[in-house]
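1. Sequence and computational prediction follow.
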Amino acid sequence: MMETPKIIIGIEAQSITDSIIKLLQSQNSLAVQASGSDAIGQTISGIAKAKKILSNTNIHLNIKPVFPEVVPKDNPTTVIVFQITREPAFTKVDSSITTNKGV
């Protein structure tokens, strides 16, 4: 089951980074919901740090921002859900495969 952490004002980017890395150790995809400009900024920073850290371990993160259609009427604010998937940064190439250039 995919967990969806919800980021609110006051959560530091490093905590977001740590959570993303920890969750992606046990699952291949993750959705992070951020509400409000400060939380969105911290979330983007946290995702960028996680992406950099994981790239050093040959894991690439694909990030897709999604803007939900439903926004609470009593508290209109910007909400973004970041869909994050991980995959190997490099694909092993079979060096035994040759091409026939003379044809």
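-> Sure, I can see it.
2. mind checking the longest strand of this structure?
-> Identified as the longest strand of the chain according to DSSP state E is strand 79-88.
3. Can you name every helix or strand that it contacts?
-> On a contact count with 3 or more CB pairs under 8 Å, 6 or more residues apart in numbering; DSSP states H and E, strand 79-88 meets helix 13-24, strand 29-35, helix 37-55, strand 59-66. C-betas here are computed from N, CA, C, even on glycine.
4. give me that answer again for 10 Å
-> strand 6-7, helix 13-24, strand 29-35, helix 37-55, strand 59-66 (3 or more CB pairs under 10 Å, 6 or more residues apart in numbering; DSSP states H and E).
5. Mind checking the pLDDT average for stretch 32-52?
-> For stretch 32-52, the mean pLDDT works out to 93.
6. buried ones in that stretch?
-> Judged by neighbour count (16 or more other CB atoms under 10 Å), stretch 32-52 contains these buried residues: 32-36, 39-40, 42-44, 46-47, 49-51.
7. Tell me how far that stretch lies from the chain's centre.
-> Remark: stretch 32-52 is offset 9 Å from the chain centroid, using CA atoms, centre = their mean, to the nearest Å.
8. how near is residue 89 to residue 39?
-> 28 Å (CB to CB, to the nearest Å).
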